[in-house]
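Colleague: Need a 3D model of the following:
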Amino acid sequence: MTGEPDLKSAYALNTPEDAKRLYATWAETYDSDFGDAQGYLMPREVVRMFVAAGGQGPVLDVGAGTGLVGEGLAAAGVGPIDALDLSNEMLSVAKSKGVYRKTIAADVTQPLSAGPYSGIISAGTFTMGHVGPEGIPPLLEIAKSGCLFVISVNAKHFESAGFEAFFAKLDTEIDAFSFEDVRIYSDKADLSHRYDIGRIVRFRKA
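Modeller: Predicted structure coming up:
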């Protein structure tokens with residue numbers, strides 16, 4: 001990665017190490033440079049769907065970043081909330097907001113020791129260059145029976161990155177699968193991504 005971190009840099013990620021480098025640099029200014037400047041809507045949207053479905057704590061916020069989803073959950077009275085992210089620097093910012101019970105620096109594609117959780121939520125993590133469908137099984141392992149999952153996936157990559165086929169094979173492990181397509185950014189975003197669509201999938205662990 002070269003230059004200042006920005007939306008283009010985030011979409012150019014290829015590996016977990018790329019992500020760690022980017023977000024270590026971006027952590028302190030992420031909320032203003034990305035959340036506000038690009039009109040990042042997805043944290044609000046996943047919280048809306050989680051609350052509407054009756055989601056309850058304890059909740060794991062996957063790819064929590066600087067805590068935008070956690071802030072939304074806390075404002076809606078949902079808790080306790082734990083934050084999981086690959087970046088210690090992003091988690092440091094998230095922890096400072098005072099909405100998380102604990103922060104967990106970990107790779108979601110590897111076995112996790114946290115939980116069990118009644119809710120698992122994620123905005124912006126499951127997409128090309130970040131985390132593919134291989135991140136779902138470790139989460140199912142730490143989810144209680146009936147745990148509500150609300151996870152955003154970049155709609156452009158839903159089929160090509162294998163999410164569609166993966167969820168189709170989970171019919172015995174999950175219930176009540178549904179999805180809703182929403183805009184990821186507002187009209188403030190860079191024109192190249194202004195109208196990008198996110199697919200928010202919702203299901204419960206059987």
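Colleague: where does the protein have low pLDDT?
Modeller: Scanning the chain for pLDDT under 70 picks out 1-37, 128-130, 189.
Colleague: Swap in 50 and give it another go.
Modeller: In the predicted model of the chain, residues 1-3, 6-7, 13, 35 satisfy pLDDT under 50.
Colleague: And the strands in it?
Modeller: With strands called from DSSP state E, the chain shows them at 59-62, 81-85, 102-105, 117-126, 143-154, 174-183, 197-205.
Colleague: which helices and strands sit right next to the last one?
Modeller: It stands for strand 197-205. For strand 197-205, the packing partners by 3 or more C-beta pairs under 8 Å, 6 or more residues apart in numbering; DSSP states H and E come out as helix 42-52, strand 143-154, helix 163-168, strand 174-183. All C-beta spots, glycine's among them, are computed from the backbone N, C-alpha and C.
Colleague: what angle do it and helix 42-52 make?
Modeller: For strand 197-205 against helix 42-52, the angle between stretch directions is 30 degrees (axes from the mean of the first three to the mean of the last three C-alpha atoms, to 10 degrees).
Colleague: Paired strands for strand 197-205, with orientation please.
Modeller: Here strand 197-205 has these sheet partners by DSSP bridges: strand 143-154 (antiparallel), strand 174-183 (antiparallel).
Colleague: Equivalent analysis for the first one, please.
Modeller: When sheet partners are counted by DSSP bridges, strand 59-62 sits next to strand 81-85 (parallel), strand 117-126 (parallel).
Colleague: about what we covered before: out of the strands paired with strand 197-205, flag the one nearest residue 90.
Modeller: strand 143-154 (17.1 Å; C-beta to C-beta).
Colleague: Deepest-packed of the strands of the chain, please.
Modeller: Mean neighbour count, computed with mean count of other C-beta atoms under 10 Å, is highest for strand 59-62 among the strands of the chain, reaching a mean of 28.
Colleague: who's in contact with it?
Modeller: Applying C-beta atoms under 8 Å, 6 or more residues apart in numbering, the contact partners of strand 59-62 are 50, 67, 69-70, 73, 78-84, 100, 108, 114-115, 117-122, 125, 135, 139, 142, 151.
Colleague: could you redo the last one with a cut-off of 7 Å?
Modeller: Contacts with strand 59-62, where a contact means C-beta atoms under 7 Å, 6 or more residues apart in numbering, come from 69-70, 73, 78, 81-84, 108, 114-115, 117, 119-122, 125, 139.
Colleague: Now do the buried residues in stretch 133-143.
Modeller: Using 16 or more other C-beta atoms under 10 Å as the test for burial, stretch 133-143 gives 133, 135-136, 138-139, 142-143.
Colleague: still on that earlier bit, of all the strands of the chain, which one comes closest to residue 191?
Modeller: Closest to residue 191 of the strands of the chain, according to C-beta to C-beta: strand 174-183, at 13.7 Å.
Colleague: Off-centre distance for the closest one?
Modeller: Its chain's C-alpha centre and that of strand 174-183 lie 14 Å apart, by C-alpha atoms, centre = their mean, to the nearest Å.
Colleague: how about the CA coordinates for that strand, as CSV?
Modeller: Output of strand 174-183 as CSV, limited to C-alpha atoms (Å, rounded to 0.1, in the frame of the first residue of the first chain):
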residue,chain,number,x,y,z
ILE,A,174,-28.9,-22.6,10.0
ASP,A,175,-32.5,-21.6,10.0
ALA,A,176,-34.6,-18.7,8.7
PHE,A,177,-32.0,-17.5,6.1
SER,A,178,-33.0,-14.2,4.4
PHE,A,179,-31.2,-11.2,2.9
GLU,A,180,-31.8,-7.5,2.1
ASP,A,181,-29.8,-5.4,-0.3
VAL,A,182,-28.9,-1.9,0.7
ARG,A,183,-26.5,0.9,-0.3
